[in-house]
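Colleague: Give me the fold of what follows.
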Amino acid sequence: MRARRDAALRLLKTMLVASVFIPAAFFIYASWLNYHFAFARADEQLSASLNILSEQASKVFQSVDLTFAGVDAVLGDLTDEQIKASAGSLHLQLVKLEKALNAVDGILVVDKGGHTLVSSVFFPVPDNASVADRDYFLAQADRDAGTFVGAVLQARLRKGPFFGVSRRRPARDGEFNGIVMVSVVPQVFTEFYEQLAADTSASFSLARADGSILARYPAPPQGTTHFGPNSGFMLNIAAQPEGGIVTSNNSVDGVERRIAYRKLGYGNLYVSDGVRTDAILAGWMQTMASHLIFGIPATVFLFILVLLTARRTRAFYEEAERRELAEQALRQSQKMEAVGQLTGGVAHDFNNLLTIIIGNLGIAKRGVVEARAERALNNALVGAERAAQLTQRLLAFSRRQPLNPRVLDVNKLILSISDLLVRTLGENIQLETIGSAGLWKIEADASELEATLLNLALNARDAMPEGGKLTIETSNAYLDEVYCLQHDGVAPGQYVLISVSDSGAGMSAETIERAFEPFFTTKEAGKGTGLGLSQVYGFMKQSGGHIKIYSEPGEGTTIKLYLPRRDGDEADTSVAEPEGSEHGRGETVLIVEDDEGVRQYAAEILRDLNYQVIEAKDSAAALRLLDADKKFDLLLTDVVLPGKNGRELATEVENRRPGTKIVFMTGYSRNAIVHHGRLDPGTELIPKPLTERALARKIRQVLDGRPSGT
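Modeller: Purely as a prediction, here's the structure:
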């Protein structure tokens with residue numbers, strides 16, 4: 001109770017911590033997700049805005065391209081002199097081109113010296129109207145720059161800034177022949193950017209690859225015309241010239257922004273848009289604050305609830321402990337009564353058996369009459385055999401008997417013992433066996449399964465004193481999870497079912513409840529030990545199976561044995577032996593046994609069977625014989641020995657003399673050679689108490705190399 005209380009309180013303390021920690025962890029995780037989501041959403045908005053900026057810039061420069069095409073159509077192949085001669089009409093045509101396109105603020109036609117030949121801005125052209133120092137002219141004078149977009153300049157004859165887009169005029173005699181320049185005002189872009197920004201903190205810009213700013217919203221500080229060479233914008237253009245999204249401090253106004261940029265593919269220009277990172281973070285914090293409004297009260301409520309539960313649990317267990325103290329004496333008395341019942345049953349049966357053994361041995365010792373002495377010895381032997389059988393049943397119930405399982409065909413096994421069952425049941429009970437076709441194989445100890453069926457047949461015979469019918473039926477079965485949840489220790493899966501049904505008196509629910517208890521019996525005194533079903537139960541559990549009783553008073557009883565399905569070839573469990581095969585042929589056996597009486601008994605039997613015998617009282621003595629190069633054909637060793645146990649001794653012998661035959665003796669061994677209720681592979685075992693016939697057969701079998709189970 002105290003352990004359960006401590007475990008429950010530890011659990012509640014853990015829940016108390018978890019009621020704060022888990023919501024906090026979820027909040028942190030949600031904050032992390034929302035943080036990344038806020039930036040991802042900002043990136044989506046930046047990408048959408050960038051598409052709009054690119055579209056608007058492309059349309060403006062398409063207008064510029066149309067202007068260049070119109071100028072080419074107006075000028076045709078006119079020379080500089082012809083252009084000057086027709087300056088008036090050409091001026092009017094250029095004005096029409098300029099007015100037709102909102103983005104265009106002026107058109108100049110310039111000769112190779114940088115002098116303006118004709119313009120849409122003014123007429124007549126002043127004599128000093130030279131653009132030889134302008135970047136859009138200088139860029140084309142040295143080489144053909146294609147379509148060149150210049151930096152923002154201040155107009156000389158008009159107010160307001162502009163940037164020039166220039167192209168070379170067709171060459172004459174293969175030489176530079178001047179340029180055509182189209183003037184674009186940044187206001188076309190900034191007004192559009194302002195509308196796009198609306199009430200947000202967004203910024204937009206149009207810039208050249210060298211960082212020269214052509215248009216920007218919000219307007220850059222006075223005198224700022226370029227992005228700094230070490231600004232994030234310029235560094236990322238160098239790293240990813242086609243475009244990207246970055247976070248950097250803006251060199252124009254020093255504000256950190258999330259910026260998306262893209263190359264236009266026109267005059268080496270870039271459009272970019274940005275949003276302040278503090279605005280993104282403000283939106284993220286606002287979202288998380290809304291979560292806190294609901295999360296904090298819920299967390300406080302959960303914390304208080306767990307705290308109250310912990311207090312009530314502590315009070316509950318304190319009350320339960322007081323009650324447990326009051327009930328402990330009762331439980332202890334009940335426990336001692338159960339132990340007393342078991343001990344009394346064992347003591348009762350052994351006292352009877354010892355009476356038989358001791359009494360008859362006393363009669364034999366007196367030897368008054370030879371026939372009487374022989375009868376007394378026979379009775380003592382019967383009593384000893386019954387005592388050995390009682391011990392085996394107790395081991396079976398406790399699931400400590402060593403099993404030697406083999407793959408079996410249950411139909412064949414039942415058929416092989418049917419004659420024995422018929423003799424056991426008697427003439428007034430009919431036996432019917434029904435073997436299912438296609439029956440699966442099982443893995444079990446054949447002798448123990450035979451003993452199990454024999455036990456059930458004996459119980460059925462006693463339940464039908466006036467005669468009746470016993471039916472043994474086999475079939476394949478599947479136990480599902482629903483059934484297994486209702487029966488402890490049963491795993492879902494495929495089983496072979498052996499049903500043993502009788503038409504006897506049946507059992508009440510109370511009897512079924514206690515049927516597997518050792519020494520519990522409903523038979524008259526002296527008619528049964530109460531260990532038959534206990535042995536069956538122990539064997540089934542040790543074999544990984546399941547047993548179930550179905551019975552009602554007056555309706556007979558059905559006992560169902562479920563043994564797990566196993567794949568494999570059926571083991572041969574019977575081998576014909578030639579007559580006299582139990583005797584020795586002069587082989588030498590080393591007996592290692594610490595009990596002198598048992599050792600002398602085993603040695604006497606083996607000498608009578610024509611074996612040479614060497615005796616050792618423990619592992620140390622046996623190893624000294626090995627050191628002295630004593631030869632022997634088989635090692636017969638007890639499992640439990642002083643110093644090294646029998647398993648360790650056998651391992652030493654196998655290492656020193658590979659191929660030596662080894663047989664173990666034991667009355668009870670849980671871990672040395674038996675694990676999980678099964679003999680270790682390749683292990684030969686003879687159980688105690690030893691009998692002459694069993695010892696003779698086992699020794700001969702191992703020496704002849706016959707398989708176990710013969």
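Colleague: hey, let's count contacts and neighbours off CA atoms from now on
Modeller: Fine.
Colleague: ok, now which ones touch the most far-flung residue of the chain relative to its centre?
Modeller: Relative to the mean C-alpha coordinate of the chain, counting by C-alpha atoms, centre = their mean, the farthest residue is Ala85 (91.7 Å). Under the criterion of C-alpha atoms under 8 Å, 6 or more residues apart in numbering, Ala85 has no neighbours.
Colleague: in stretch 55-72, what's buried?
Modeller: Neighbour-count burial for stretch 55-72 flags 56-57, 60-61, 63-64, 67-68, 70-71 (criterion: 16 or more other C-alpha atoms under 10 Å).
Colleague: Kindly indicate which of those lies nearest Gly244.
Modeller: Nearest to Gly244 among these: Ala57, at 17.9 Å, using C-alpha to C-alpha.
Colleague: Next one: the closest one from Ala202, what distance?
Modeller: Distance, Ala57 to Ala202, using C-alpha to C-alpha, to the nearest Å: 18 Å.
Colleague: mind giving me CSV with the buried residues of stretch 55-72 and columns for distance to Val613, secondary structure and pLDDT?
Modeller: Compiled in CSV, the buried residues of stretch 55-72 are given as follows (distance: C-alpha to C-alpha, whole Å; DSSP: H, G, I helix; E, B strand; the rest coil; pLDDT from 0 to 100):
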residue, distance to Val613, secondary structure, pLDDT
Gln56, 111, helix, 88
Ala57, 111, helix, 89
Val60, 116, helix, 90
Phe61, 115, helix, 88
Ser63, 119, helix, 89
Val64, 120, helix, 89
Thr67, 124, helix, 90
Phe68, 123, helix, 90
Gly70, 127, helix, 90
Val71, 128, helix, 91
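Colleague: Save those residues as CSV, and put in distance to Ile686 too.
Modeller: Converted to CSV, the buried residues of stretch 55-72 look like this (distance: C-alpha to C-alpha, whole Å):
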residue, distance to Ile686
Gln56, 99
Ala57, 99
Val60, 104
Phe61, 104
Ser63, 108
Val64, 108
Thr67, 113
Phe68, 112
Gly70, 116
Val71, 117
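Colleague: which of those residues lies closest to Gln486?
Modeller: Each of those was checked against Gln486 using C-alpha to C-alpha; the closest is Gln56, at 75.0 Å.
Colleague: list the contacts for the closest one?
Modeller: With contact set as C-alpha under 8 Å, 6+ apart, Gln56 has no partners.
Colleague: do the same with Leu415
Modeller: Neighbouring residues of Leu415 by C-alpha under 8 Å, 6+ apart: Thr433.
Colleague: Helix, strand, or coil at it?
Modeller: Under DSSP: H, G, I helix; E, B strand; the rest coil, the three-state class of Leu415 is helix.
Colleague: For it, report the pLDDT, please.
Modeller: Predicted confidence (pLDDT) at Leu415: the value is 89.
Colleague: same check, this time on the one 10 residues further on
Modeller: Here the pLDDT value assigned to Leu425 is 82.
Colleague: mind checking how far the closest residue to it other than its chain neighbours is from Val500?
Modeller: For Leu425, ignoring the flanking residues on the chain, the nearest one in space by C-alpha to C-alpha, 6 or more residues apart in numbering is Arg461 at 5.7 Å. To Val500, Arg461 is 12 Å away according to C-alpha to C-alpha.
Colleague: What of Arg257?
Modeller: From Arg257 to Val500 the distance is 85 Å (C-alpha to C-alpha).
Colleague: Please report the distance of the closest residue to Glu587 other than its chain neighbours from Arg693.
Modeller: Distances taken as C-alpha to C-alpha, 6+ apart put Tyr611 closest to Glu587, at 5.3 Å, once the chain neighbours are dropped. The gap separating Tyr611 from Arg693 is 14 Å, by C-alpha to C-alpha.
Colleague: Name the residue in the two with the higher neighbour count.
Modeller: Tyr611 (18 against 10; other C-alpha atoms under 10 Å).
Colleague: Tell me if I'm right that the more buried one and Gly586 touch.
Modeller: Yes - using C-alpha atoms under 8 Å, Tyr611 is in contact with Gly586, at 5.0 Å.
Colleague: Can you show me the strands along the stretch 401-550 of the chain?
Modeller: 406-408, 429-434, 442-444, 468-479, 493-502, 546-551 (DSSP state E, counting those that start in this stretch).
Colleague: out of those strands, which comes closest to Glu318?
Modeller: Minimum separation from Glu318 across the strands of the stretch 401-550 of the chain (C-alpha to C-alpha) falls at strand 546-551, 39.9 Å.
Colleague: Partner strands of that closest one and their direction?
Modeller: strand 557-564 (antiparallel) (DSSP bridges).
Colleague: Name the surrounding residues that touch the strand it pairs with.
Modeller: For strand 557-564, contacts defined as C-alpha under 8 Å, 6+ apart pick out 442-443, 493-507, 540, 543-551.
Colleague: Tell me the buried residues within those residues.
Modeller: Among these, those scoring as buried are 442-443, 494-507, 540, 543, 545-547, 549-551 (criterion: 16+ other C-alpha under 10 Å).
Colleague: Would you check that Glu582 makes contact with Glu692?
Modeller: No - using C-alpha under 8 Å, Glu582 is not in contact with Glu692, being 10.1 Å away.
Colleague: and those two? which has more neighbours close in?
Modeller: Glu582 (19 against 14).
Colleague: what's the more buried one in contact with, if anything?
Modeller: Taking C-alpha under 8 Å, 6+ apart, we find Glu582 in contact with 609, 693, 696-697, 699-700.
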